[in-house]
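**Student:** I'd like to go over a predicted model; first the sequence, then the structure.
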Amino acid sequence: MRPDSGLTGTMARELFDAQVTSRHLDLAARRLRADGAGYYTIGSAGHEGNAGVAAALRPTDPALLHYRSGAFYAARAAQLAEGKVDAIRDVLRGVVASAAEPIAGGRHKVFGSTDLNVIPTTSTIASHLPRAVGLAFAVERSRQGLDARGSSGRHAADSGQPVLVPPAWPRDAVVLCSFGDASVNHASAVAAFNTAGWSDFTGLRLPLLFVCEDNGLGISVRSPAGWVGETLRSRPGIRYFHADGCDLADTYAVARSAVSWVRRHRRPAVLHLRTVRLMGHAGADAELAYRTPAEIEHDLTLDPLLRTARLLVDAGQASPMELLSRYDEIGWRVQQTAAGVRDEPKLASAAEVVAPLAPRRPLRVAKTIARAAERAAGAALAERHRVFGGRLPEQTGPQTLAQAVNATLTDLMISHPQAMVFGEDVARKGGVYGVTKGLRDRFGPARVFDTLLDETSILGLGLGAGLGGLLPIPEIQYLAYLHNAEDQLRGEAASMRFFSQGAYRNPMVVRIAGLAYQKGFGGHFHNDHSVAVLRDIPGLVVAVPSRADDAAAMLRTCVAAAEVDGTVSVFLEPIALYHTRDLHTDGDGGWLSPYAAPDRWADTHVPVGRARSHSYGTGDRLTVLTFGNGVRMSLRVAARLAEEGHGCRVVDLRWLAPLPLADIVREAGATGRVLVVDETRRSGGVGEGVLAALVDAGYVGLARRVAAVDTFLPLGPAADHVLVGEDAIERAARALLSA
Ligand SMILES: Cc1ncc(C[n+]2csc(CCOP(=O)(O)OP(=O)(O)O)c2C)c(N)n1
Ligand SMILES: [Mg+2]
């Protein structure tokens with residue numbers, strides 16, 4: 001062996017096995033595909049040097065892997081006791097979409113394993129990098145002593161009880177995150193590099209090793225010569241290491257230095273591994289369309305397997321014949337395993353497919369809230385007095401929606417020591433609308449902090465923090481600014497349970513200020529009402545409270561669901577109602593509600609997917625189905641109609657996902673006249689879903705809809721032309737009443 005590399009002969013032989021295993025897995029995937037039995041052929045050929053990275057790490061270091069990490073996976077499996085993880089079977093089961101595949105259960109071909117601390121990543125390149133930053137944050141945070149028990153990211157099999165286990169990773173763990181060279185240009189990657197560097201600059205420690213496996217290509221597009229090194233070297237706050245990924249000894253030596261530097265200093269680094277890509281991007285990729293035969297041949301001369309073989313032979317560790325027979329032996333095992341798994345059962349029904357997506361255990365959620373209430377009224381009462389400065393919110397008179405969210409967040413921070421509130425301007429300023437005012441003083445900057453200005457990174461922090469056992473409550477300042485980061489919710493947060501069958505989860509409650517009707521602070525960006533993008537994310541809970549009392553109860557529900565089921569919720573707060581006090585007449589205080597004392601939390605609990613009905617007069621002539629700002633406008637209209645003898649019920653949906661279907665159908669049936677008041681756009685708006693739900697349920701009564709015009713909102717009073725107003729609601733209601 002090269003004397004300075006630290007690689008022993010035994011290790012080199014073991015890593016050679018991992019490299020060969022990975023290569024045979026690539027070949028088997030192609031054979032299975034050709035036989036119509038396999039569904040995934042993106043391989044690791046040429047990247048097998050990453051076995052050396054695995055060897056430099058501990059199997060307890062959490063890893064988020066590039067899709068060319070077959071050798072890493074095999075090498076890590078070999079670090080465990082023999083027979084604990086069968087890497088060959090795991091990977092092949094993924095390739096054939098077997099329901100017995102241990103992490104995703106046939107939902108995708110991913111590298112993932114709780115035994116190996118490999119957290120599955122999605123096929124959206126670079127989308128796992130912001131999460132890796134968040135995970136490094138969580139690992140370091142738990143080391144620093146913030147109580148990270150509670151809603152653990154690693155969720156033992158659904159055993160019934162809310163699972164309270166400490167994070168699975170040791171306090172000196174290093175987070176590993178690998179990706180390709182073209183991926184370094186992606187906005188999500190750039191965000192993650194920047195946030196890691198920014199954090200380091202501020203003194204925050206992040207034990208994070210990025211590994212860029214640079215094969216010079218992104219499918220057919222070449223990375224400009226030298227660019228990847230240039231861009232990775234120039235990242236402030238991220239230490240740069242470089243190795244020849246085709247040379248196992250060099251890779252191991254440099255990876256070891258990089259890992260030990262990160263482990264010791266708890267600071268981010270990037271390992272730039274030069275690799276080659278053999279056999280094309282994937283099985284169906286005809287490389288000759290964009291590469292010359294000479295180029296392809298040149299890469300073959302760099303084949304890491306041949307390089308390791310030469311290393312072993314030169315060092316007298318093995319003869320060529322021994323290595324060839326090892327190659328054949330492993331190939332035989334892979335083939336045998338492939339034959340064994342190819343016809344294993346696939347997911348057999350829609351119910352099986354969706355089972356791990358978003359389990360809901362409403363009784364447990366309710367019990368969790370009841371238990372929190374008991375603590376708040378008992379053991380934690382003194383703390384409540386201290387934190388609230390002697391003025392408990394239930395004793396200070398009726399509240400606005402903003403005040404209710406503030407008080408509830410405070411109570412939740414008391415009851416959940418692992419909870420953190422973070423986002424742009426939430427700490428020092430207390431939020432643009434004062435909703436998080438005072439929280440930093442109450443709980444300190446470790447738990448309530450301002451982030452840098454990047455929504456992708458804010459959500460990434462939440463993703464990793466949830467995975468690492470914390471309970472993140474990030475804020476997105478305005479709904480319009482969620483959209484540039486939305487994949488972190490859709491592709492990452494909401495899919496984690498799906499791709500890991502609940503073995504990993506990222507509980508999170510994302511507070512977002514949104515919706516329209518702001519007076520004097522207009523324009524599209526502060527009045528965005530685009531919720532379609534949230535409503536179709538599988539498993540995501542979307543809460544829209546309209547009143548203070550509902551806001552408090554619903555926020556408690558979202559946090560409890562995060563704790564119990566790992567639920568990811570968006571808590572969309574209507575900005576225009578934050579400070580609204582009155583309902584019908586100036587000074588009536590009709591939009592305020594008292595804060596429920598802990599002894600009422602159980603009674604006032606609002607389950608996910610349950611609406612609230614407000615009745616005016618007899619309530620039997622018309623049903624208004626609405627939410628958010630629509631509730632207050634509809635109540636005002638309903639009061640006027642009731643005075644004329646038209647009793648209406650106004651149903652506040654409260655949850656846009658899942659929609660309160662049972663309540664919608666029951667309340668619609670009660671009058672046979674339905675008016676959907678939808679403040680979102682006519683196309684793709686909530687109203688479409690509500691009407692479709694009624695049709696699906698066989699509703700045969702009358703129905704009408706008022707909704708916003710399909711446009712972005714203009715600045716100033718022109719917005720009234722395109723938003724739903726009380727006049728339009730009243731006109732539609734009267735038309736229905738006279739139909
Ligand atoms: C966000 C996103 N855009 C496009 C793709 C399609 N795609 C899959 S792999 C790939 C190339 C990635 O190249 P690189 O990061 O260098 O990794 P490599 O495959 O070369 O190892 C592309 C464009 C994707 N998966 N995700
Ligand atoms: Mg590449």
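**Tutor:** Great, that's in hand. Ligands and ions are numbered 1, 2, ... in the order given.

**Student:** use CA for all of it now, contacts and neighbours both
**Tutor:** Noted.

**Student:** Give the pairing partners of the top strand by length along the chain; include direction for each.
**Tutor:** The single longest strand within the chain, with elements called by DSSP state E, is strand 673-681. Each strand paired with strand 673-681, and its direction, by DSSP bridges: strand 622-626 (parallel), strand 702-708 (parallel).

**Student:** Minimum distance to ligand 2: which of those has it?
**Tutor:** Nearest of the strands paired with strand 673-681 to ligand 2, taken as CA to the ion: strand 702-708 at 45.2 Å.

**Student:** downstream neighbour of that closest one in the secondary structure list?
**Tutor:** Scanning forward in sequence from strand 702-708 by DSSP states H and E, the next helix or strand is helix 726-737.

**Student:** For the stretch 351-500 of the chain, what lies in contact range of ligand 1?
**Tutor:** For the stretch 351-500 of the chain, no residue is in contact with ligand 1 (CA under 6 Å from any ligand atom).

**Student:** Identify the residues contacting the residue nearest the centre of the chain.
**Tutor:** The residue lying closest to the centre of the chain (CA atoms, centre = their mean) is A493, at 1.5 Å. Shown in contact with A493 (CA atoms under 8 Å, 6 or more residues apart in numbering): L463, N506, V568.

**Student:** Low-confidence bits of the stretch 451-600 of the chain, can you list those?
**Tutor:** Counting by pLDDT under 70, not a single residue of the stretch 451-600 of the chain qualifies.

**Student:** So what's the residue count around the residue lying closest to S44 once chain neighbours are set aside?
**Tutor:** Nearest non-adjacent residue to S44, counting by CA to CA, 6 or more residues apart in numbering: R68, 4.0 Å away. Neighbour count for R68, taken as other CA atoms under 10 Å: 24.

**Student:** Quick check on I458: phi, psi?
**Tutor:** For I458, the backbone dihedrals (degrees, to the nearest 10) come out as phi -60, psi -50.

**Student:** The nearest residue to it once chain neighbours are set aside bridge partners, please.
**Tutor:** Nearest non-adjacent residue to I458, counting by CA to CA, 6+ apart: G423, 6.3 Å away. On the basis of DSSP bridges, G423 is bridged to D450, E475.

**Student:** so what's G423 up against?
**Tutor:** Residues counted as contacts of G423 (CA under 8 Å, 6+ apart) are F449, D450, T451, L452, I458, P474, E475, I476, Q477.

**Student:** I'd assumed D425 was in contact with the second one.
**Tutor:** Yes: contact between D450 and D425 holds when scored by CA atoms under 8 Å: they sit 5.6 Å apart.

**Student:** thinking again about what came up before, any idea which of the contacts of A493 is closest to V674?
**Tutor:** V568 (31.3 Å; CA to CA).

**Student:** Could you look up the SS state of the residue nearest to F210 when sequence neighbours are not counted?
**Tutor:** On the basis of CA to CA, 6+ apart, the spatially nearest residue to F210 that is not a chain neighbour turns out to be V270, at 4.5 Å. Of the three states, V270 takes strand under DSSP: H, G, I helix; E, B strand; the rest coil.

**Student:** I'd like to know how far V270 sits from R89.
**Tutor:** Per CA to CA, to the nearest Å, V270 is found 31 Å from R89.

**Student:** Neighbour count: the two, which is higher?
**Tutor:** Using other CA under 10 Å as the criterion, V270 and R89 rank with V270 on top: 26 against 21.

**Student:** wait, what's in contact with the more buried one?
**Tutor:** Contact analysis of V270 by CA under 8 Å, 6+ apart lists L209, F210, V211, C212, L232, I238, R239, Y240, F241, A258.

**Student:** What pLDDT is listed against the residue nearest to F210?
**Tutor:** Each residue has a pLDDT score; the one for V270 is 99.

**Student:** Ok, D158 next?
**Tutor:** On the pLDDT scale, D158 is placed at 36.

**Student:** Same check on E82?
**Tutor:** E82 carries a pLDDT value of 89.

**Student:** gap between the residue in the stretch 251-400 of the chain that ligand 2 sits nearest to and A494?
**Tutor:** Ranked by CA to the ion, the top residue of the stretch 251-400 of the chain for proximity to ligand 2 is R277, at 7.5 Å. Distance, R277 to A494, by CA to CA: 32 Å.

**Student:** which of the contacts of V270 are close to ligand 1?
**Tutor:** Counting by CA under 6 Å from any ligand atom, no member of the contacts of V270 reaches ligand 1.

**Student:** Redo these as a markdown table? Include secondary structure.
**Tutor:** Converted to a markdown table, the contacts of V270 look like this (three-state DSSP):
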| residue | secondary structure |
| --- | --- |
| L209 | strand |
| F210 | strand |
| V211 | strand |
| C212 | strand |
| L232 | helix |
| I238 | coil |
| R239 | strand |
| Y240 | strand |
| F241 | strand |
| A258 | helix |
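
**Student:** which of these tops the neighbour count?
**Tutor:** Counting neighbours by other CA under 10 Å, L209 leads the contacts of V270 with 30 neighbours.

**Student:** So what sits opposite that residue in the bridge?
**Tutor:** Applying DSSP bridges to L209, the residues it is bridged with are L176, A269.

**Student:** Now for it: which residues touch it?
**Tutor:** The contact partners of L209, taken as CA under 8 Å, 6+ apart, are V174, V175, L176, C177, A258, V259, V262, P268, A269, V270, L271.

**Student:** same question, T337
**Tutor:** Counting by CA under 8 Å, 6+ apart, T337 makes contact with I88, R89, L92.

**Student:** Please identify the helix or strand for it.
**Tutor:** Applying DSSP H and E, one finds T337 within helix 320-341.

**Student:** Repeat that for G280.
**Tutor:** Taking DSSP H and E as the definition, G280 sits outside all helices and strands.

**Student:** surely it meets A289?
**Tutor:** No: contact status for G280 versus A289: not in contact, 10.8 Å apart, counting by CA under 8 Å.

**Student:** Of the two, which one has the most company?
**Tutor:** For G280 versus A289, neighbours defined as other CA under 10 Å are more numerous around G280 (19 against 8).

**Student:** Now that one. Nearest residue, chain neighbours left out?
**Tutor:** Using CA to CA, 6+ apart, the closest residue to G280 is E287 (5.7 Å).

**Student:** Identify the residues contacting T618.
**Tutor:** A642, H646, G647, C648.

**Student:** swap the cut-off to 10 Å and go again
**Tutor:** A642, G645, H646, G647, C648, R649 (CA atoms under 10 Å, 6 or more residues apart in numbering).

**Student:** again, but for L409
**Tutor:** Applying CA under 10 Å, 6+ apart to L409 gives the contacts 403, 415, 419-421, 435-436, 439, 473, 552, 555-556, 559.

**Student:** Tell me where the stretch 501-650 of the chain has helices.
**Tutor:** 532-535, 548-565, 629-643 (DSSP state H, counting those that start in this stretch).

**Student:** and among these, the most buried is which?
**Tutor:** helix 548-565 (a mean of 26; mean count of other CA atoms under 10 Å).

**Student:** packing partners for that helix?
**Tutor:** The helices and strands touching helix 548-565, judged by 3 or more CA pairs under 10 Å, 6 or more residues apart in numbering; DSSP states H and E, are helix 362-377, helix 401-415, strand 471-476, strand 508-514, strand 541-543, strand 568-574.
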